[in-house]
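J.: Quick one, structure for this:
(one chain, ligands or ions: 1)
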Amino acid sequence: MTLSRNLTRLLALGTLLLAGCGTLNSASESKPNLYQQLGGESGVEAIVYDMIVRIADDERVVERFHNVDIARFQQGLETYICSVSNGPCEYTGESMQVVHAGHNYTDTEFNTIVELLIEAMEAQEVPVAAQNRLLAQLAPDYSDIVYQ
Ligand code: HEM
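T.: Residues are numbered from 1 along each chain as shown. Got it, this is the predicted structure:
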């Protein structure tokens with residue numbers, strides 16, 4: 001199956017980041033924390049809020065959220081992004097596999113959500129390098145979220 005550009009980008013970045021981990025040195029260890037690059041608490045909140053507005057306005061995925069407690073989704077996504085970006089949060093919700101189980105989410109829907117996240121980060125002026133670092137952190141979730 002041919003994956004669309006966003007998914008290809010996401011997976012390629014994940015691979016690149018993993019490859020880079022083998023050669024980390026003290027200079028790269030001093031790189032700013034990803035959470036800080038995303039703008040810390042207010043930055044992550046703004047990204048998630050912006051993304052939810054885009055979901056609400058996107059006919060490709062909005063129906064998937066019709067019966068969802070959006071305040072809870074917002075809180076869960078904020079904590080999840082905070083956690084995977086090495087922020088001061090611990091995500092204690094259900095696993096990505098459990099949360100998304102039984103809905104048969106498709107590659108295309110996954111790509112749409114990634115696209116809306118990228119647009120939200122662009123709107124919040126997150127540097128592209130930081131955008132890509134977050135996407136790389138989320139790449140391994142693909143197989144837990146998409147029905148295969
Ligand atoms: C990069 C991809 C994705 C990530 C990182 C992600 C992450 C999350 C997180 C963290 C939650 C909140 C869990 C909680 O605390 O309760 C959640 C819930 C949810 N996600 Fe995703 N998700 C992704 C893709 C998708 C896709 C493709 C869809 C469908 C189009 C989707 C639909 C939902 C729905 C409907 C909920 C609410 C579940 C509920 O509360 O019943 N997600 N997701």
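J.: what about stretch 115-131, average pLDDT?
T.: Stretch 115-131 shows a mean pLDDT of 98.
J.: what about the residue of the chain found nearest the ligand, how many neighbours?
T.: Here the chain gets closest to the ligand at one residue, G76, 2.1 Å apart by CB to the nearest ligand atom. (Each C-beta comes from the backbone N, C-alpha and C, glycine too.) With neighbours defined by other CB atoms under 10 Å, the count for G76 comes to 17.
J.: Looking at E29 now. What's its pLDDT?
T.: Model confidence at E29, expressed as pLDDT, equals 55.
J.: Look up how far E94 lies from the residue of the chain closest to the ligand.
T.: Separation of G76 from E94 (CB to CB, to the nearest Å): 9 Å.
J.: Check V128 too.
T.: Counting by CB to CB, the gap between V128 and E94 amounts to 31 Å.
J.: Which residues of this structure lie near the ligand?
T.: 61, 64-65, 68-69, 72-73, 76-77, 80, 93, 99-100, 105, 109-110, 113-114, 138, 141, 145 (CB under 6 Å from any ligand atom).
J.: In helices, which of these fall?
T.: 72-73, 76-77, 80, 99-100, 109-110, 113-114, 138, 145 (DSSP state H).
J.: Now, of those, which are buried?
T.: Using 16 or more other CB atoms under 10 Å as the burial test, these include G76, L77, Y80, H100, E109, F110, I113, V114, L138, I145 as buried.
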